[in-house]
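Q: Next comes the sequence, and after it the predicted model I'd like to discuss.
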Amino acid sequence: MPKRIGQQYICGQRALVPNSLVGTALTMANAKSSSKYTAEDVQGFLVCTIRHRGPVHYGVLLNLRGVTAGTLWALWRDRVEPVSVLELPDCSAVHSDDDAACSEFEGHPGGHSWELSELPSPRRPATRLPRWP
Ligand SMILES: [Zn+2]
Ligand SMILES: [Zn+2]
């Protein structure tokens, strides 16, 4: 396991991917690639894995095939359906100890992916919360 530097958490905001965004992602991905992408290549669910201060969340929508290919990211704001797709190059940082590549985009805010943790207590439906005595 890569060493954690301090205790930083990803934003963790989630959003469903609307069908229109799936179409946009496939159009962008297939326009520049001979290997055809299908709807199954598109994430149905976005998680903001960035640590950021601004109002815009970023979630991986589609990982383009190929080592140098970038990733399609969806951008959205709180309580607003994601409508923007950006193709961004992958962050070129590599962890010095174990060669793990950062899974964020180039120039992302916050720490690299190995510096960030999932939120300590993911939101769960109320019915599954433990009962306190
Ligand atoms: Zn976010
Ligand atoms: Zn990075």
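A: In hand now; what should we look at? Residues are numbered from 1 along each chain as shown. Ligands and ions are numbered 1, 2, ... in the order given.
Q: three-state assignment of residue 114?
A: Of the three states, residue 114 takes helix under DSSP: H, G, I helix; E, B strand; the rest coil.
Q: what's the neighbour count on it?
A: 20 (other Cβ atoms under 10 Å). In this view, the C-beta of every residue, glycine as well, is placed from N, C-alpha and C.
Q: quick one: it from ligand 1, how far?
A: Distance of residue 114 to ligand 1, given as Cβ to the ion, to the nearest Å: 18 Å.
Q: cool, and residue 15?
A: Residue 15 sits at a distance of 10 Å from ligand 1 (criterion: Cβ to the ion).
Q: May I ask you to confirm that that residue belongs to a strand?
A: Yes: assessed with three-state DSSP, residue 15 lies in a strand.
Q: and the closest residue to it other than its chain neighbours, how many neighbours?
A: Excluding its sequence neighbours, the residue lying closest to residue 15 (Cβ to Cβ, 6 or more residues apart in numbering) is residue 46, at 4.5 Å. The local packing of residue 46 (other Cβ under 10 Å) involves 22 other residues.
Q: same deal with residue 45?
A: 9.
Q: hey, what's it bridged with?
A: residue 16 (DSSP bridges).
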